[in-house]
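Asks: Test case, fold it:
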Amino acid sequence: MDILKVSAKSVPNSVAGAIAGVIRESGAVEIQAVGAGAANQAIKAIAIARGYMAPAGVDLICIPAFANVEIDGAERTAIKLIVEPR
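Replies: The predicted model follows:
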């Protein structure tokens, strides 16, 4: 499964396009976000991606979880959002 990393500075429309593209190719995508700002951008991107996929009859669902990631040698907790068609 492909992993998209989202930051607080990510543009939700661009991330939504990437989500839609990966789902069309692979069927599912994992999004990782560290911090409140990044999680906010990721959730907005998923909502936008649902709108992109709806005309094709694809309904996206999101499964939230936690993930441990290493950033600059330090262990951090990230929000992991698995997005897949229903």
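Asks: Now the helix or strand hosting residue 42: buried residues?
Replies: Assessed by DSSP states H and E, residue 42 sits inside helix 36-53. For helix 36-53, burial by neighbour count (16 or more other Cβ atoms under 10 Å) applies to 38-39, 41-46, 48-50, 52-53. Placement of C-beta: from N, CA and C, glycine included.
Asks: Find the nearest non-adjacent residue to residue 68, please.
Replies: residue 75 (5.7 Å; Cβ to Cβ, 6 or more residues apart in numbering).
Asks: actually residue 13, not the one I typed
Replies: Here the residue nearest residue 13, using Cβ to Cβ, 6+ apart, is residue 48, at 6.1 Å.
Asks: Give the bridge partners for the residue positioned nearest the centre of the chain, please.
Replies: The centroid of the chain falls nearest to residue 31 when counting by Cα atoms, centre = their mean (3.3 Å). Under DSSP bridges, the beta-bridge partners of residue 31 are residue 4, residue 81.
Asks: cool, residue 75 as well?
Replies: If you apply DSSP bridges, the partners that residue 75 bridges to are residue 70.
Asks: Residue 37: what's it in contact with?
Replies: Going by Cβ atoms under 8 Å, 6 or more residues apart in numbering, residue 37 touches 7, 8.
Asks: From what I see, residue 65 and residue 80 are in contact.
Replies: Yes - the pair residue 65 / residue 80 is scored as a contact, 4.6 Å apart, by Cβ atoms under 8 Å.
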